[in-house]
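Peer 1: Sequence first, predicted coordinates after that:
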Amino acid sequence: MQPPLSADQRQSARYPAPEGALLRVSSSTHQATAFLVDIGLEGAAFEYILLDERPKQGDHIDILADPEEMSIDAVPFRIVFDFEVEPEEPEPVIWRRCGIQFTGLSADQTRRLETLLRHWGLDLPVPTAATGPAAQTQKPTPLDEAIFLARLKLLSIAAKAYLKGYPCGAYRQRAIVRNALDILNQAPLQKVFDAEEACAPPLKAHVLALARAFVQMPPASSDLASLDYSADVVGRHLRGGKALTQMAFLKVA
Amino acid sequence: MRENVKILVVCLDPGLRDIIIDVLEFSVNRKVMSAADDRQALDHLDMQGPADIILCDPVLPRMSGRDLIAAAKAKAPRCIGVLMAPPPANPGTPQDQIVNAYLERPADPQALFDIVQRFVVDG
């Protein structure tokens, strides 16, 4: 069994599920209802009473919603963790918590999942049309890749400038936020991360941590040391360019 | 440092145009104007007044980037013209007097920072 993904390893945010939200785990031979604990665009966690079978690879889930038309059927997944929950008080049944990563969501399922999360009032971090299935099926061109790398460089420089206390006027802030949003939109399409899967934690995790933090100003993270480290990692990966100290104009805008 | 600098970016590719604008607005903390083609650029110059710096693609639908820079300079002789293309192999022709700088890799933030340093901070 693989260890649970940490928040940094996850590719997208998780949100606490609405109270009473249910899902159904199904295989060819059985069905079991479970309580949704948290959910995001790429995975979920749920708790279930152990009866005769535990979820297994090859099963799928149905995310149940009200109204029923918003339910999402037959979502394929892989199990990330599955452990027994220690009860606060003795209980006659065994509760287990299972974490899953969605695998091979169809474009329609992705769209429906985004719609459902918004229906539940969950504030998705990338609220633009460009995150839709159509965007995710397009292949980036060489120019797109060059632009993405440029955005990563800007992200790294902007983070360092902010963390060093450089002035951050309105237009500078808007540029930082737009840049972070665009990175979040484009990251799923980019090959720049393909070669470093073995790194721990991978470059992508640092990029996403930075981008998620800087989709708002001031950044949505109190762990400034961690952001600083991520900015260094991203900057080192991209190499080239002058040091921040050589860009004096950033101190005066 | 050039105060309240007015920059106009003329670029056919929307993705490239957006990153150039983001880098420049981050650099100068000012609104940077943009145009999707030469016609929009000329309309902008007519309606909003001259630009201090114009960055433009080398090839536009109705004229060359060099011609657009020349048109911008006709309205404001001190306008800085940056052509987003490699520098010419044989510089020094009269035509080259129109272009103040070449930007070979316009998507590279460092190249744009250098333009800001040269024409906004030092210029």
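Peer 2: Looks like it arrived, so ask away.
Peer 1: need the residues of the stretch 51-200 of chain A near chain B, please.
Peer 2: Taking Cβ under 8 Å from any Cβ of the partner chain as the contact definition, the stretch 51-200 of chain A meets chain B at A:143-144, A:146-147, A:149-151, A:153-154, A:157-158, A:167, A:169-172, A:174-176, A:178-179, A:182. Glycine gets a C-beta too; all of them are placed from N, C-alpha and C.
Peer 1: so what are the domain limits for chain A?
Peer 2: Chain A breaks down into these domains under automatic domain parsing: A:7-122, A:131-251.
Peer 1: What is the least confident helix or strand in chain A?
Peer 2: Using mean pLDDT, DSSP states H and E, the weakest-scoring helix or strand in chain A turns out to be helix A:133-137, at a mean of 41.
Peer 1: what's downstream of that one, the next helix or strand?
Peer 2: With elements assigned by DSSP states H and E, the helix or strand that comes after helix A:133-137 is helix A:142-163.
Peer 1: Quick one, grab the pLDDT at the nearest residue to B:Ala76 once chain neighbours are set aside.
Peer 2: Using Cβ to Cβ, 6 or more residues apart in numbering or on different chains and skipping the chain neighbours, the partner closest in space to B:Ala76 is B:Pro50 (3.2 Å). B:Pro50 carries a pLDDT value of 93.
Peer 1: Same check on the one 5 residues further on?
Peer 2: Model confidence at B:Leu55, expressed as pLDDT, equals 97.
Peer 1: one step back: now mean neighbour count too, for the domains of chain A, in a markdown table please.
Peer 2: Formatted as a markdown table, the domains of chain A follow (neighbours: other Cβ atoms under 10 Å in any protein chain shown):
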| stretch | mean neighbour count |
| --- | --- |
| domain A:7-122 | 15 |
| domain A:131-251 | 17 |
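Peer 1: want to try CSV for the ones you listed, with distance to B:Gln97 as columns?
Peer 2: CSV is the format used below for the domains of chain A (distance: least, Cβ to Cβ, whole Å):
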stretch, distance to B:Gln97
domain A:7-122, 52
domain A:131-251, 27
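Peer 1: Out of those domains, which gets nearest to B:Val5?
Peer 2: Nearest of the domains of chain A to B:Val5, taken as Cβ to Cβ: domain A:131-251 at 10.9 Å.
Peer 1: C-alpha coordinates for the helix or strand that contains B:Met47, CSV please?
Peer 2: B:Met47 belongs to helix B:38-48 when assigned by DSSP H and E. C-alpha atoms of helix B:38-48 as CSV (Å, rounded to 0.1, in the frame of the first residue of the first chain):
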residue,chain,number,x,y,z
ASP,B,38,-1.5,46.9,-36.6
ARG,B,39,-4.9,48.4,-37.1
GLN,B,40,-5.7,48.2,-33.4
ALA,B,41,-2.3,49.7,-32.7
LEU,B,42,-2.8,52.7,-34.9
ASP,B,43,-6.3,53.2,-33.5
HIS,B,44,-4.8,53.1,-30.1
LEU,B,45,-2.2,55.7,-30.9
ASP,B,46,-4.8,57.9,-32.5
MET,B,47,-7.2,57.7,-29.6
GLN,B,48,-4.9,57.4,-26.5
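Peer 1: Cheers, nothing more for now.
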